[in-house]
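Peer 1: with the sequence up front, the predicted model follows.
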There are 2 protein chains.
Amino acid sequence: MGQTAVRTLRADAERSVRVILEAAERVLAEDPGASMEQIAATAGVARTTIHRRFANRQALIEALASSAARQLAQAVDDGRPDTAPPLVAMHRITANVLQVKGAWAFALELPTEPGSEAAVLQQHIARRCITVLERARADKLIDEAADLDWVRRVYYALLRESLQDDPAGADPDALAARVIDTLLQGAGPRA
Amino acid sequence: MGQTAVRTLRADAERSVRVILEAAERVLAEDPGASMEQIAATAGVARTTIHRRFANRQALIEALASSAARQLAQAVDDGRPDTAPPLVAMHRITANVLQVKGAWAFALELPTEPGSEAAVLQQHIARRCITVLERARADKLIDEAADLDWVRRVYYALLRESLQDDPAGADPDALAARVIDTLLQGAGPRA
DNA sequence: GTGAACTGCAACAGGTCTGATGCGGATATG
DNA sequence: CATATCCGCATCAGACCTGTTGCAGTTCAC
């Protein structure tokens, strides 16, 4: 809980926070041990400005994780996981998530502190994911005996792998299609 | 190339190198930014001893990566990827690799310097992997139209995911079976 | 337009880490 | 057993990073 909006920030201050978080993502993704100075330089901001907004390094990182997790949760909910047909929801969610994860890869791989906002959001997302998988199973898209927790982990792993080489390369819909296809059919011969 | 065995080390020195590398793996896995002091303490060795064997932090890490990569290459070759029936080879290799990757998870996830020994070994391993997949495809275990490079990456991702929760928990053969099954069939309904 | 909020700059203190050195004592090896 | 090798310990200098403070100048917001 770095600084839970004690009072509404002025417009320029809000902008500072945004550019700092974006810079932190870029810099830390390349070198997780990078200094505040490097983050500040990338953000085009003085180091002291960072310390004014974030009490310390950890607070900055927690804010980064929370911010990214909120965007990810939004991306999932936008796919209407509870109402859309399972296969459609899976596709839409996958494409959305790939976009967000591509932009916030470091922040979203961060280990979450048990009680933190990021952790709560991640759990919420995981539940949504399980829900969709259950609906897919009910539609015979997934084997009845499948361990959905394992399926969900495989799904996460496929998402991660998809983003490894294509930072912003291919069409997100094409990547999403490959992920879903691999998840449901594997590499074996098609029917 | 930290110190490419200029001269054969004395038996106790060789042992020191081993315990240092093992400690480095354990400590850095938990905190990649851990200090040499912490590694030394875990190894039960003075910090100066580490500096005597490894010129600097980077040399230690490269040695760690090389050592782990050698063991991994051995684990792959032990599965007879060129001669055993593809499915058998895949099983054996997967079980072997899970063992080694479980013990050297940090070292094997390290980004490899382009020309380094570790990089060369990783490429060798990747080629072996592709070879096995080609043989599996020839046996109709894998779809004819499949992109084997993608299949290999999915395979790697499944291995990684398998090791996430079970540090040394379940039977490696059971984990291997699940990995292969998921790779070839995905989560969809069984035939 | 006025005041509060925000920023950059400079400087400081405190801490941690690295890599090096020298020495006395222990240990392996032939 | 003789000696080259190895280790632990104490110590050092240098570098880097963090978090803080004060001030002067700019910018938003009412």
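Peer 2: All right, it came through fine.

Peer 1: mean confidence score for stretch A:93-108?
Peer 2: Stretch A:93-108 shows a mean pLDDT of 98.

Peer 1: show residues contacting that stretch.
Peer 2: A:25, A:28-29, A:32, A:64-65, A:67-69, A:71-72, A:75-76, A:78-79, A:81, A:132, A:159-160, A:162-163, A:166-168, A:172-173, A:175-176, A:179-180 (Cβ atoms under 8 Å, 6 or more residues apart in numbering or on different chains). The way it works is simple: take the backbone N, C-alpha and C, and place the C-beta from them, glycine included.

Peer 1: how about low-confidence regions in chain A?
Peer 2: A:1-6, A:166-169 (pLDDT under 70).

Peer 1: write out the residues of chain A neighbouring DNA strand C.
Peer 2: Within reach of DNA strand C by Cβ under 7 Å from any atom of the strand, chain A has these residues: A:9-10, A:12-13, A:16, A:44-46, A:48-49, A:52-53.

Peer 1: select only the buried ones of the residues you listed in ChimeraX?
Peer 2: Command for ChimeraX that selects the buried part of those, burial taken from 16 or more other Cβ atoms under 10 Å in any protein chain shown:
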select /A:16,45,49,53
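
Peer 1: out of the residues of chain A next to DNA strand C, which are inside helices?
Peer 2: Secondary structure defined by DSSP state H assigns A:12-13, A:16, A:48-49, A:52-53 of these to helices.

Peer 1: a markdown table for those, including distance to B:Met36?
Peer 2: Below are those laid out as a markdown table (distance: Cβ to Cβ, whole Å):
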| residue | distance to B:Met36 |
| --- | --- |
| A:Asp12 | 43 |
| A:Ala13 | 40 |
| A:Ser16 | 37 |
| A:Thr48 | 31 |
| A:Thr49 | 33 |
| A:Arg52 | 34 |
| A:Arg53 | 33 |
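
Peer 1: show me which pair in those is furthest apart.
Peer 2: A:Asp12 and A:Thr48 (15.4 Å; Cβ to Cβ).

Peer 1: ok, now which ones touch the closest residue to A:Ala84 other than its chain neighbours?
Peer 2: The shortest distance from A:Ala84 to any non-neighbouring residue, by Cβ to Cβ, 6 or more residues apart in numbering or on different chains, is to A:Arg92 (6.9 Å). A:Arg92 makes contacts with A:78-80, A:84, as judged by Cβ under 8 Å, 6+ apart.

Peer 1: element containing A:Arg92?
Peer 2: Secondary structure assignment for A:Arg92, by DSSP states H and E: helix A:86-103.

Peer 1: can you list the residues of chain A near DNA strand D?
Peer 2: So far as Cβ under 7 Å from any atom of the strand goes, chain A lies against DNA strand D at A:10-12, A:35-38, A:47-48, A:51, A:55-58.

Peer 1: make a markdown table out of those and add distance to A:Ala145.
Peer 2: Shown next, in a markdown table, are those (distance: Cβ to Cβ, whole Å):
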| residue | distance to A:Ala145 |
| --- | --- |
| A:Arg10 | 57 |
| A:Ala11 | 55 |
| A:Asp12 | 57 |
| A:Ser35 | 51 |
| A:Met36 | 51 |
| A:Glu37 | 54 |
| A:Gln38 | 50 |
| A:Arg47 | 56 |
| A:Thr48 | 58 |
| A:His51 | 54 |
| A:Ala55 | 50 |
| A:Asn56 | 49 |
| A:Arg57 | 46 |
| A:Gln58 | 43 |
